[in-house]
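Novice: just the structure for this:
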Amino acid sequence: MAVITISRQLGSRGASLARDLAKELGYEFVDKSVINKVIRQYGLHQLNDIYDHKPKVWELFNDNSVLTIQMMNQTIAAFAARGNVVILGRGGFKVLEGMGDVLNVFVKAPQDIRVARIAKRENLSEDAATDRIKADDELRARFTRLFYSANWADESLFDLVVDTGVDSDEAALAKIVAAVNALPVPGEVDRAAANIDVDPVLDRTIDGVLGRRTAKLG
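Specialist: Presented below is the predicted three-dimensional model:
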């Protein structure tokens, strides 16, 4: 059993790589849509507003915002406790920091390659794609700094850094799979995601969300 978190730069292909990784390993894939489905069961609806936009600083620290982030962190931890999961974004690398059965991966690419990919994907001019990437980087950095006191782009915080400007998708995937296979088993480490104590109600909520999601996809 293992847990992989994927953090990525916009235009690095990190999201598609995470999906391919989950498929390759036969793991559950958890992204913002899955996490949102869980926390909305608790009446919390503003995660996208906190993470994907640029609210005023005081808005980030009201009771509802703090509760939303706490619930997001608990949800990420609960998914990790199940093992065999790929978690995309949402600060997973900080939530699960220091756990021996977790592989934290950062996916990056050179600026010019990112710009070219986003321009093509979103049918933007080069200048517009550059602005889009800059804004996205700022949002990710701001969120991680405010809630985790960490530098989102600090590669030293990750177990593995993959550059898709150098590696093909296949080579990048192979590197991650090799690192996953090298992880110690939970019993061999002091701290493990497998040992996280999960609230039973949250666990049942996740079961329900995964069940509905599986039925919808199937």
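
Novice: how close does the nearest residue to residue 16 once chain neighbours are set aside sit to residue 107?
Specialist: What sits nearest to residue 16 in space, not counting adjacent residues and going by Cβ to Cβ, 6 or more residues apart in numbering, is residue 169, at 7.4 Å. (C-beta placed from N, C-alpha, C; glycine too.) As judged by Cβ to Cβ, to the nearest Å, residue 169 and residue 107 stand 10 Å apart.

Novice: what's the answer for residue 14, then?
Specialist: 3 Å.

Novice: ok, now which ones touch residue 102?
Specialist: By Cβ atoms under 8 Å, 6 or more residues apart in numbering, residue 102 lies in contact with 2-5, 80, 96, 183, 193.

Novice: what does stretch 154-164 contact?
Specialist: Under Cβ under 8 Å, 6+ apart, the answer for stretch 154-164 is 7, 12-14, 17, 93-94, 97, 103-110, 113, 150-151, 172, 175-176, 179.

Novice: can I get the CA coordinates of that stretch in CSV?
Specialist: This file holds the C-alpha atoms of stretch 154-164, laid out as CSV (Å, rounded to 0.1, in the frame of the first residue of the first chain):
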residue,chain,number,x,y,z
ASP,A,154,10.6,24.6,-3.1
GLU,A,155,11.7,21.4,-4.7
SER,A,156,13.5,20.3,-1.5
LEU,A,157,10.1,19.7,0.1
PHE,A,158,9.4,16.8,-2.3
ASP,A,159,10.7,13.3,-2.5
LEU,A,160,10.9,13.3,-6.3
VAL,A,161,10.9,16.1,-8.9
VAL,A,162,10.0,15.3,-12.5
ASP,A,163,10.7,17.6,-15.4
THR,A,164,8.4,16.9,-18.3
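
Novice: buried residues in it, which are they?
Specialist: Residues 157-160, 162, 164 are the ones in stretch 154-164 that count as buried (16 or more other Cβ atoms under 10 Å).
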